[in-house]
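Colleague: 3D, please:
(chains A and B)
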Number of protein chains: 2
Amino acid sequence: MSSQKPSIPRGTRDFGPEKMIKRNFILNTIQTVFKKFGFLQIETPSMEQLSVLSGKYGEEGDQLIFKILNSGNYLENINTDFIIENHKKLTPQIAEKALRYDLTVPFARFVVMNKNEITFPFKRYQIQPVWRADKPQKGRYREFYQCDADVVGTNSLLCETEIISMITEVFQKLNINDYTIKINHRKILQGIASAIGKDGQESSLCVAIDKLDKIGIQGVSKELLEKGYTDSEIEKLLPIFNLKGNTLEIIEQLKIFLDENPIGNKGIEEILSILDILESMNANFQNITLDLSLARGLSYYTGTIFEVKVNNIQMGSVSGGGRYDNLTEIFGLPNISGVGISFGVDRLYDVLEELQLFPSSSEQNTQILITYFDQEGFRYGLNILPQLRAANISSELYPDSSKIKKQFEYADKKKIPYVAIIGEEEMIENKISIKNMLTGTQERYTLQELILNFSRN
Amino acid sequence: MSSQKPSIPRGTRDFGPEKMIKRNFILNTIQTVFKKFGFLQIETPSMEQLSVLSGKYGEEGDQLIFKILNSGNYLENINTDFIIENHKKLTPQIAEKALRYDLTVPFARFVVMNKNEITFPFKRYQIQPVWRADKPQKGRYREFYQCDADVVGTNSLLCETEIISMITEVFQKLNINDYTIKINHRKILQGIASAIGKDGQESSLCVAIDKLDKIGIQGVSKELLEKGYTDSEIEKLLPIFNLKGNTLEIIEQLKIFLDENPIGNKGIEEILSILDILESMNANFQNITLDLSLARGLSYYTGTIFEVKVNNIQMGSVSGGGRYDNLTEIFGLPNISGVGISFGVDRLYDVLEELQLFPSSSEQNTQILITYFDQEGFRYGLNILPQLRAANISSELYPDSSKIKKQFEYADKKKIPYVAIIGEEEMIENKISIKNMLTGTQERYTLQELILNFSRN
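Modeller: Okay, the predicted model is just below:
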């Protein structure tokens, strides 16, 4: 057999056992909170019709969608002149399916296709990988997990507060304490555009100020100039980014800025209602900040928007979301308002790693490895093994007749906390010696004592 | 906005909340058993290099691999004559990546690429979707989950018995009692080929008898004739399928049939050792049957092979596996023996559905929905909600001010077992009425009583 040196595609990753335990800690934490808040899980196929995804993520997004080659002879019935002409025209002819780019568009499709079976308001969560043909770089992968929760079919502002409460609980369970939940409202941004004389042109405003962190006020000004904003309009805008004080104080200054603009004031009203509901819930909202420079890139948001940033760490936002009013309309179901949140698992992983917040993984592992010196010890171990497991103690018997040193090395490398030793004395006394691999102490138990001790752990 | 009628690709499925709860019941059951037996989880990328997958699943398998179109201008630097000539030649030029076809080849690749970090014997489990461009039909999908556990780096027969024990425990936890674990050994099949005069030609024998269930003895005979077996060779073979008795009795007859064939007798010896180890473990092996017509399609097996069939149900095998000696050799790592098992989640789902063995899903759901008559009740509910959740009671407050009837319908459709009712009296008494949605009974509690009652559940 000829041998080949294997590799994995650029931007993808293998997850070995240690990484899986850490990732599962994050995913299970988020999932537990989603469930406690009454969200139900769904899964959608990895493949969608290319037509379902195309045109939903902007022109750049379309390029980043991974397309799947039709099976069979995909060149049959294709005009060959056409092939040579242009790969963009050829693609939809030879690739009818594509890999999921996010969880939001497939969710909108799911809601529309299942609207008669769904109980609205529909609270769903979804934890699945997505794929993007982005240029791979540190922290950016071509396959990564998204963790989304959305409520659709209600415009109650309770949903916004539920999202804030879920964020708070997830971060508390992950032991991340120093973080900021930035909130803003698309209607406030609309009002700001109107107040500086650019009524209805808030979308270029959003795109520009979304980059404030990266390119600074000068960069934003330059981009707005290029987009047709005048110097005087930009000058009017800039004070917005210098408002000082707590959320309520900023709102007072914002009200003056917006004057009587009805849409902008509607946005303010909703933000105030959300804070009011949180107060009724005795929620801790010291981490919440109204950030007027928060815009979020995606075009479908229409109401409150959120982003979470872990403080004092070099890292973009670890979570984000917002309210959208027309997401399902493109698939033929108008007037379904929704609000959602997405947690970035890969970034949370890096944050927990940097802050050393991952719990010890030893509980996730085999608890006891049974080791032995000879064939008789192996037989003795065979008898004990199923009894430990019957008591729900995760355990293993070393499979090969190897030196005891090698068996201990296995336990050590696999971080198994306890090693059972079956020697001659143990078999005579009908006992088992247990070595604590962390402290090095050793004790001898009957099987019954052993089970009592360890099934309590 | 123009609207489009959405659909999903043929052979793929959406999983709504009810199906997810049932699927998770199966997946969690299998995962719990894998962990208890000391298997550690890994995940590999959905995409592999096409070259890693090609040639591993036979010519038919190669056709069923989903290929991913290269991103960017994939036609650049492609000779256009070449394009028109043959789609099979074009494919590797425009599609360097492909979707995982099973979990075994990616696992072999993972072991080879991580051989220096892995502690051998390496016990891994993996639960991920795989994709095949098969013709969709009942029970056959283009995207489906596999649940695999493998041990590599040891040829200890303890591993075979561990797999049998895991199968037994999974089925017990799923409440499936009437099933058969068929076992056989590739070396026995080799011995049989040799005994009828077809030394070294067991692979065509395996392919043919693998179809015995579907095409019967006549069909198998016909296929063997086509493959160059003579009538007299086939006549010598047939008695093998008519051996009667329990496993030990069949082995006695088989020994006579194999005469002194050393390879065949090595297979028998291993089967006997496995039964002996199981006996030492006091394992229940009443469900195990030596089935000499079990061959398994895949070519890489070299030792014991397994298949599990649920009795009295019209359904193929729900689990299968075996020992392989050379799986990693193609990637440059020879002499790593391994043995593995795969559970078919979709078939198990259908079996549990048919036998009505799924547990009630209500525990997976919101436990309490808080309902109310007016804005004052909503405020009262806002105060209660976070206190229920702080006690780990999964709960919701109905988000919209709707008629109480509509709120109850929501609880009913979502199968929420308890509804809290906040009326005028409740607020005056500072209590909460709880209606049991199953029995219709209603009781009034203080918040403290409510929490005590429900956090115990």
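Colleague: Only C-alpha atoms from now on, for both contacts and neighbour counts.
Modeller: Fine.
Colleague: Check which residues of stretch A:288-301 are buried.
Modeller: A:288-296, A:301 (16 or more other Cα atoms under 10 Å in any protein chain shown).
Colleague: Check stretch A:311-319 too.
Modeller: Of the residues in stretch A:311-319, A:317-319 count as buried by neighbour count, 16+ other Cα under 10 Å.
Colleague: I'd like these laid out as TSV, including secondary structure and distance to residue A:421.
Modeller: What follows is those, written out as TSV (DSSP: H, G, I helix; E, B strand; the rest coil; distance: Cα to Cα, whole Å):
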residue	secondary structure	distance to residue A:421
A:317	coil	50
A:318	coil	46
A:319	strand	48
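Colleague: Please produce CSV containing the residues you listed, extended by pLDDT and distance to chain B.
Modeller: As requested, the buried residues of stretch A:311-319 are exported to CSV (pLDDT from 0 to 100; distance: Cα to the nearest Cα, whole Å):
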residue, pLDDT, distance to chain B
A:317, 92, 25
A:318, 95, 22
A:319, 96, 22
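Colleague: Residue A:239: neighbour count?
Modeller: Neighbourhood size, residue A:239 [other Cα atoms under 10 Å in any protein chain shown]: 11.
Colleague: Got the phi and psi for it?
Modeller: Phi and psi for residue A:239, reported as degrees, to the nearest 10, are phi -50, psi -30.
Colleague: After the helix or strand harbouring residue A:339, which helix or strand is next?
Modeller: Per DSSP states H and E: residue A:339 is located in strand A:338-344. In the C-terminal direction, the helix or strand that comes right after strand A:338-344 (DSSP H and E) is helix A:345-354.
Colleague: List, one by one, the residues from the stretch 101-250 of chain A near chain B.
Modeller: A:109-110, A:112-113, A:119-120, A:133, A:143, A:154-159 (Cα under 8 Å from any Cα of the partner chain).
Colleague: contacting residues around the spatially closest residue to residue A:16 that is not a sequence neighbour?
Modeller: Spatial nearest neighbour of residue A:16, excluding adjacent residues (Cα to Cα, 6 or more residues apart in numbering or on different chains): residue B:42 at 4.9 Å. For residue B:42, the contacting residues are A:14-17, A:20, B:124-126, by Cα atoms under 8 Å, 6 or more residues apart in numbering or on different chains.
Colleague: can you do 10 Å?
Modeller: For residue B:42, the contact set (Cα atoms under 10 Å, 6 or more residues apart in numbering or on different chains) comprises A:14-21, B:107, B:110, B:124-128.
Colleague: Of the buried residues of stretch A:311-319, just say which sits nearest to residue A:396.
Modeller: The shortest gap between residue A:396 and any of the buried residues of stretch A:311-319 belongs to residue A:318, at 38.6 Å (Cα to Cα).
Colleague: Where do the helices of the stretch 201-350 of chain A begin and end?
Modeller: A:202-209, A:212-226, A:231-237, A:247-258, A:262-280, A:345-354 (DSSP state H, counting those that start in this stretch).
Colleague: Would you mind putting those into JSON lines with mean pLDDT and mean neighbour count alongside?
Modeller: Output for those, formatted as JSON lines (pLDDT from 0 to 100; neighbours: other Cα atoms under 10 Å in any protein chain shown):
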{"stretch": "helix A:202-209", "mean pLDDT": "85", "mean neighbour count": "20"}
{"stretch": "helix A:212-226", "mean pLDDT": "89", "mean neighbour count": "15"}
{"stretch": "helix A:231-237", "mean pLDDT": "92", "mean neighbour count": "14"}
{"stretch": "helix A:247-258", "mean pLDDT": "93", "mean neighbour count": "16"}
{"stretch": "helix A:262-280", "mean pLDDT": "96", "mean neighbour count": "18"}
{"stretch": "helix A:345-354", "mean pLDDT": "94", "mean neighbour count": "17"}
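Colleague: can you list the ones you listed in CSV and add distance to residue B:279?
Modeller: Shown next, in CSV, are the helices of the stretch 201-350 of chain A (distance: least, Cα to Cα, whole Å):
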stretch, distance to residue B:279
helix A:202-209, 70
helix A:212-226, 67
helix A:231-237, 81
helix A:247-258, 71
helix A:262-280, 62
helix A:345-354, 46
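Colleague: which one of these lies closest to residue A:27?
Modeller: helix A:345-354 (7.5 Å).
Colleague: Touching the closest one from outside, list them.
Modeller: A:19, A:22-27, A:30, A:127, A:139-141, A:144-147, A:171, A:174-176, A:310, A:313-319, A:356-359.
Colleague: quick one: which of these sit in helices?
Modeller: A:19, A:22-27, A:30, A:171 (DSSP state H).
Colleague: export those residues to CSV and tack on pLDDT and neighbour count?
Modeller: Listed next are the ones in helices among the contacts of helix A:345-354 as CSV, based on pLDDT from 0 to 100; neighbours: other Cα under 10 Å:
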residue, pLDDT, neighbour count
A:19, 94, 15
A:22, 95, 19
A:23, 96, 18
A:24, 95, 14
A:25, 95, 18
A:26, 97, 21
A:27, 97, 17
A:30, 98, 24
A:171, 97, 17
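Colleague: Skip the chain neighbours and tell me the closest residue to the residue of the stretch 1-150 of chain A at minimum distance from chain B.
Modeller: Per Cα to the nearest Cα, residue A:36 is where the stretch 1-150 of chain A lies closest to chain B, at 4.0 Å. In this structure, residue A:36 finds its nearest non-sequential neighbour in residue B:394, 4.0 Å apart by Cα to Cα, 6+ apart.
Colleague: what sits against that neighbour?
Modeller: Residue B:394 sits in contact with A:32-39, B:363-369, B:385, B:388, B:454-455, where contact means Cα under 10 Å, 6+ apart.
Colleague: Narrow those residues to just the buried residues.
Modeller: By 16+ other Cα under 10 Å, those give A:33-39, B:364-369, B:385, B:388 as buried.
Colleague: Return the subset of those residues lying in strands.
Modeller: If you go by DSSP state E, the buried ones among the contacts of residue B:394 have B:368-369 in strands.
Colleague: And the furthest pair within the buried ones among the contacts of residue B:394?
Modeller: B:364 and B:385 (18.5 Å).
Colleague: that older thread, now tell me which of the buried ones among the contacts of residue B:394 the prediction trusts least.
Modeller: Within the buried ones among the contacts of residue B:394, pLDDT reaches its minimum at residue B:364, with 71.
Colleague: From residue B:416, how far off is that one?
Modeller: 10 Å (Cα to Cα, to the nearest Å).
Colleague: Residues that sit against both of the two, list them.
Modeller: Between them, residue B:364 and residue B:416 share these contacting residues under Cα under 10 Å, 6+ apart: residue A:38.
Colleague: And residue A:421, which helix or strand is it part of?
Modeller: Secondary structure assignment for residue A:421, by DSSP H and E: strand A:418-422.
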